[in-house]
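Sequence isn't available, so here's the structure alone:
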């Protein structure tokens, strides 16, 4: 029987969710119906500014990318249609999952705040690094988190870099949040911020799209390395023990079969060869 574990306290390791949560789900104090037969389809969403993991194609209601492709493979395993939809910016995506209007979050870092309104499936679908982006004309020495103190940074609203860094940033850093990654990178390129915090691969994709390769760049070391998890809303009418068990089993099979790596390679190729505009 798969069971749900309640996580208390601050997680100190970036891989802790994958280690601690284990194979989730089973009995839980939710009012959701156990009649999984009534759940004939699922809606998933995620961060639409997240290539090669997810991106929005212009004038489309769907999201494309590695995670969307993985949802298609998961759909085949559980034999329930999963549609990965665009519902707005990243902050809106989180609101839609919180409310239960969208069933699944196709890609989220673990934080205790998010665990209040959605449950995490393990193992992680994929892993990604978050980095500091700097302007070429105003670079500063960076080797650890304290080097960001006293400077002005920008990130996307409701973004997370893992629970440990989020807690540090809240206490020590000056961070402005904006609606989109394009806005954040534009501010950095124009000298209106000292740094941008964002994931490395999606950030690089947007830097290329915006023609900023010689203007901004990522610096090492990464501020965090986190697992990208699939989650289900606690308010989803499809949140049943039977369905969660099916998803958890199918997801583990996909990871064991190296499907996430395969779809990521395909998505990188699709992006580089010229996807439709975001």
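Sure, I can see it. Quantities reported herein were computed from a predicted structural model and do not represent experimental measurements.

For the rest of this, base every contact and every neighbour count on C-alpha atoms.
Fine.

So for the residue nearest to residue 149 when sequence neighbours are not counted, what pLDDT did the model give?
The spatial neighbour of residue 149 that comes closest, neighbours along the chain excluded (C-alpha to C-alpha, 6 or more residues apart in numbering), is residue 173 at 5.5 Å. What the model reports for residue 173 is a pLDDT of 98.

To what extent is residue 173 buried, counted in neighbours?
18 (other C-alpha atoms under 10 Å).

Touching, it and residue 147? I think so.
No. Using C-alpha atoms under 8 Å, residue 173 is not in contact with residue 147; the gap is 9.9 Å.

now the residue nearest to residue 149: how far from residue 223?
Plainly put, residue 173 is 13 Å away from residue 223 if you go by C-alpha to C-alpha, to the nearest Å.

re the thing from before, could you pull up the residues touching the residue nearest to residue 149?
By C-alpha atoms under 8 Å, 6 or more residues apart in numbering, the residues touching residue 173 are 148, 149, 150, 151, 152, 153.

what's the distance between the second one and residue 165?
Read it as residue 149. For residue 149, the distance to residue 165 equals 13 Å [C-alpha to C-alpha].

got it, and residue 91?
Per C-alpha to C-alpha, residue 91 is found 19 Å from residue 165.

try residue 273
Distance, residue 273 to residue 165, by C-alpha to C-alpha: 34 Å.

of the two, who's got more company?
Between residue 273 and residue 165, residue 165 has the larger neighbour count (other C-alpha under 10 Å), namely 16 against 9.

Do a quick rundown of the helices in the stretch 51-200 of the chain.
66-78, 90-99, 112-115, 163-172, 181-189, 200-210 (DSSP state H, counting those that start in this stretch).

all strands in the stretch 101-250 of the chain, in order from the N-terminus.
With strands called from DSSP state E, counting those that start in this stretch, the stretch 101-250 of the chain shows them at 104-108, 118-120, 126-135, 152-156, 174-178, 195-199, 216-233.

what comes up buried for the last one?
Neighbour counts over strand 216-233 (16 or more other C-alpha atoms under 10 Å) mark 216-219, 222-233 as buried.

That's all I had, so thanks and see you.
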